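In: Any chance you could fold what I've pasted below:
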Amino acid sequence: MSELKEKHCTPCEKETKPLNTEEIKHFKEKINGDWEVVENKKIRKSFSCEDFNEAIAFAQKIAKLADEEDHHPDLGVHYGSVDVEISTHNIGGLSPNDFILAAKIDDI
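Out: Next up is the predicted model:
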C-alpha cells in the first residue's frame, strides 16, 4: 500500500521543524485512511482485537517494531482493542517518522 513501510525512522534534531499542514496532508495520503490527524501534532488509530490476549500480543509486536525503528508510540491496551498515538515528541509535532511507523504498524 505504501512505500513508507520500506523506509526507516531517522532521529530528528531539536531544531527540526514539525510538518506543516500541506506536508501532513501529503504523508497522510500515503497511509491507511483510518489514521486520524489530531491538531496537526499526532496521528491516532484504534485497532480491534478479539480479546485481551490478542490485544497484548499486538501491542508487543508494536513495541518490538518501535524499538527496531527507535520511534516509540503511546499505546493504550484494552480488552478488544489497542489505541495507538504517534508523534515526534522532541519537535512537538509530526515528522515523516510518524507516518513511516504508522505504515509499518498497519503492516503487522
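In: which residues does Asn97 contact?
Out: 9-10, 12, 69, 71, 88 (Cβ atoms under 8 Å, 6 or more residues apart in numbering). Yep, even glycine has a C-beta here, placed from its N, CA and C like the rest.
In: Check Lys41 too.
Out: Counting by Cβ under 8 Å, 6+ apart, Lys41 touches 18, 87, 92-94.
In: Can you list phi and psi of it for me?
Out: phi -120, psi -20 (degrees, to the nearest 10).
In: Quickly name whichever of the contacts of Lys41 is closest to Phe52.
Out: Ranked by distance to Phe52 (Cβ to Cβ), the contacts of Lys41 are led by Ser87 at 26.2 Å.
In: Next, count neighbours for the closest one.
Out: Neighbours of Ser87 under the rule other Cβ atoms under 10 Å: 22.
In: Likewise for Glu3?
Out: Neighbour tally, Glu3, other Cβ under 10 Å: 9.
In: quick one, phi/psi of the residue lying closest to it once chain neighbours are set aside?
Out: Spatial nearest neighbour of Glu3, excluding adjacent residues (Cβ to Cβ, 6 or more residues apart in numbering): Lys30 at 7.2 Å. Taking degrees, to the nearest 10, you get phi -90, psi 0 for the backbone angles of Lys30.
In: got any ranges where this structure has weak pLDDT?
Out: Where the chain drops to pLDDT under 70, the residues are 1.
In: where along it do the strands fall?
Out: Using DSSP state E, the strands of the chain run over residues 36-38, 42-48, 74-78, 81-86.
In: So which of these is the most surrounded?
Out: Mean neighbour count (mean count of other Cβ atoms under 10 Å) peaks for strand 81-86 among the strands of the chain, with a mean of 20.
In: Let me know the angle separating it from strand 42-48.
Out: Taking axes from the mean of the first three to the mean of the last three Cα atoms, to 10 degrees, one finds that strand 81-86 is oriented at 160 degrees with respect to strand 42-48.
In: Let me know the angle separating strand 81-86 from strand 74-78.
Out: Relative orientation of strand 81-86 and strand 74-78, computed by the same axes, to 10 degrees: 170 degrees.
In: Report all helices and strands that strand 81-86 contacts.
Out: Under the contact definition 3 or more Cβ pairs under 8 Å, 6 or more residues apart in numbering; DSSP states H and E, strand 81-86 sits against strand 42-48, helix 52-69, strand 74-78, helix 96-106.
In: Thanks again, I'm all set now.
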